[in-house]
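**Student:** sequence first, then the predicted structure:
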Amino acid sequence: MAIKNDVIVAIATAPGPSGVGVVRLSGFSLHSFVQHILQIESLSPRKAELCWFYDIHREPVDRGLALWFSAPHSYTGEEVLELHSHGSMVVLSALVATCQSLGARLAEPGEFTQRAFFNGKLDLTQAEAVIDLIHADSQASAKGAIRSLSGVFSRKVQEIRNSLIELRMFVEGSIDFSDEGYDFLASIPKQLTQTFIADQLIQLIKEAQDTLVFNQGRQVVLIGAPNVGKSSILNALSQEDLAIVTDIPGTTRDSIKHQIIIQGISFHVIDTAGLRETSDVVEKVGIEKTWQAIEKADMALVVFDIQQGLTEADQQLINKLPSSLPIIKVANKVDLIHFNEKSPIDEWVTVSAKTGSGFDTLKNKLIELSGTKVNFVPPFLARERHIAELENCLKHVALSEQVVEIEFIAEELRLAQQALNAVTGEFTADDLLGEVFSKFCIGK
Ligand code: GDP
């Protein structure tokens, strides 16, 4: 990926009228921008100064605070100028247009953070933590992202990498000095053995997997026969009118996905087309989508109408589900039966989407199945990419124990280290970097 060092500019705050809006510039020489826009010679670093902002024709655009950061003591590692104006899109756009007239280019999504990465201000896991923090949907996710940003996860990876590097020194040493009669391999300390390193990796993978739920949430499918109240349950869970609720069987022909947050965990609940035999072509497509959603789901809510009980068809549906998929059986419409008829069966969660009864139990059950402890605060936030690289590293460490030839041991350990390097972004493929930074918003 080519490292650009031209001047970039973007509105760093969310669009829409607000008290304050920020335009941010980064590049290796911003003095001419200070002179033109602020009409002053220079600014003191890290000191907010109240200034008039001028456009290219020297007309005042607004009055606000200007903040100057000298390289390398800035977010990007370059010179950075921030203009804090009133949060009017007209003012902010005029400031950006002025910067463009002076030679700046509109920043691409994530380009400020990308520059921070290339200038060594952040490693890749920290850059990813910035995205995760921006998109955090709960206190717990935000705390995990902050901890990753402060380097907690990177340091754990670094510790294992240091052990691997030391181990490689012993192995490479025994290749280079094979004729000297000194047995390097015999002198490897216990904490540098493959077994020890593999144990550390297994522990870190486990920790990382526990945090994954805070980053991407859990996928939940709502399934059951038409008209049992699936859409109504989704509405009650999210307390909004999301899905069209009618009493005509087969209304939900497409999947509707909604995010709900329960105790800091994000659940992506997919309301699916009711599963039944049908000749309707559109409904058939919906049912196909339901099965696709089931394949990707982490858990399923199987809904049935308590008036009818679990029917033969419901049972058949349950039998068709992948055996590994955790399910919660939800008996809906409990408001329609007399109290003494409720006779709830232990494994059912009885609810009424109409009155809201039973929803606390249902939410607790969802938390329980998410595999998260209540009020757990993640020590950092990992992504699937990180776990895949850690597993790749573990695979090569294990292989290095299986092979006999010293050259093969060395090669496996080299590949193991390369996998760890990819986690933090050293020697990472360009296309991966492109993908990571494209997830950012403009101005970050
Ligand atoms: P879906 O086809 O499974 O998504 O079912 P809907 O959510 O569209 O609901 C079908 C019908 O049952 C609608 O008329 C709802 O108002 C009604 N309904 C859903 N849940 C309840 C409930 O808990 N109690 C009562 N009395 N009616 C319900």
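**Tutor:** Thanks, I have the structure now.
**Student:** identify the residue nearest the geometric centre of this structure.
**Tutor:** Taking CA atoms, centre = their mean, the centroid of the chain lies closest to Asn215, which sits 4.2 Å from it.
**Student:** that one against Asp132, yeah?
**Tutor:** Yes: using CB atoms under 8 Å, Asn215 is in contact with Asp132, at 6.0 Å. Quick note: C-beta positions are derived from backbone N, CA and C, even for glycine.
**Student:** shared neighbours of those two, which are they?
**Tutor:** 141, 144, 381, 383 (CB atoms under 8 Å, 6 or more residues apart in numbering).
**Student:** now do the contacts for the nearest residue to Gly77 once chain neighbours are set aside.
**Tutor:** Leaving aside its sequence neighbours, Gly77 sits nearest to Asn119 (CB to CB, 6 or more residues apart in numbering; 2.9 Å). Listed by CB under 8 Å, 6+ apart, the contact partners of Asn119 are 72, 76-78.
**Student:** and the strands in the stretch 1-150 of the chain?
**Tutor:** Using DSSP state E, counting those that start in this stretch, the strands of the stretch 1-150 of the chain run over 8-11, 18-27, 49-54, 60-69, 79-87, 105-106.
**Student:** the ligand: which of those strands is closest?
**Tutor:** strand 18-27 (38.5 Å; CB to the nearest ligand atom).
**Student:** quick check: the farthest pair among the contacts of Asn119?
**Tutor:** The distance between the two most remote of these (CB to CB) is 8.9 Å, for Pro72 and Thr76.
**Student:** which residues are common contacts for those two?
**Tutor:** 119, 121.
**Student:** pretty sure Phe380 is in a strand, no?
**Tutor:** No: applying DSSP: H, G, I helix; E, B strand; the rest coil, one finds Phe380 to be coil, outside a strand.
**Student:** that one contacts Ile146, correct?
**Tutor:** No: using CB under 8 Å, Phe380 is not in contact with Ile146, being 9.2 Å away.
**Student:** which one of the strands of the stretch 1-150 of the chain is the most hemmed in?
**Tutor:** With neighbours defined as mean count of other CB atoms under 10 Å, the strands of the stretch 1-150 of the chain peak in mean count at strand 8-11, which reaches a mean of 24.
**Student:** who are the packing partners of that one?
**Tutor:** Under the contact criterion of 3 or more CB pairs under 8 Å, 6 or more residues apart in numbering; DSSP states H and E, strand 8-11 touches strand 18-27, helix 89-101, strand 105-106, helix 111-118.
**Student:** repeat that with 10 Å
**Tutor:** strand 18-27, strand 79-87, helix 89-101, strand 105-106, helix 111-118 (3 or more CB pairs under 10 Å, 6 or more residues apart in numbering; DSSP states H and E).
**Student:** for the helix or strand harbouring Leu394, the distance to its chain's centre please.
**Tutor:** According to DSSP states H and E, Leu394 maps onto helix 384-402. Taking CA atoms, centre = their mean, to the nearest Å, one finds helix 384-402 lying 22 Å from the centre of the chain it belongs to.
**Student:** in that helix, what's buried?
**Tutor:** Buried residues in helix 384-402, counted by 16 or more other CB atoms under 10 Å: 385-387, 389-390, 392-397, 399-400.
**Student:** likewise stretch 124-141?
**Tutor:** In stretch 124-141, counting by 16+ other CB under 10 Å, buried: 124-133, 136, 138, 140-141.
**Student:** what is the lowest-pLDDT residue among those residues?
**Tutor:** By pLDDT, Ser138 ranks lowest within those, coming in at 79.
**Student:** just for the stretch 51-200 of the chain, where's the confidence low?
**Tutor:** 177-184 (pLDDT under 70).
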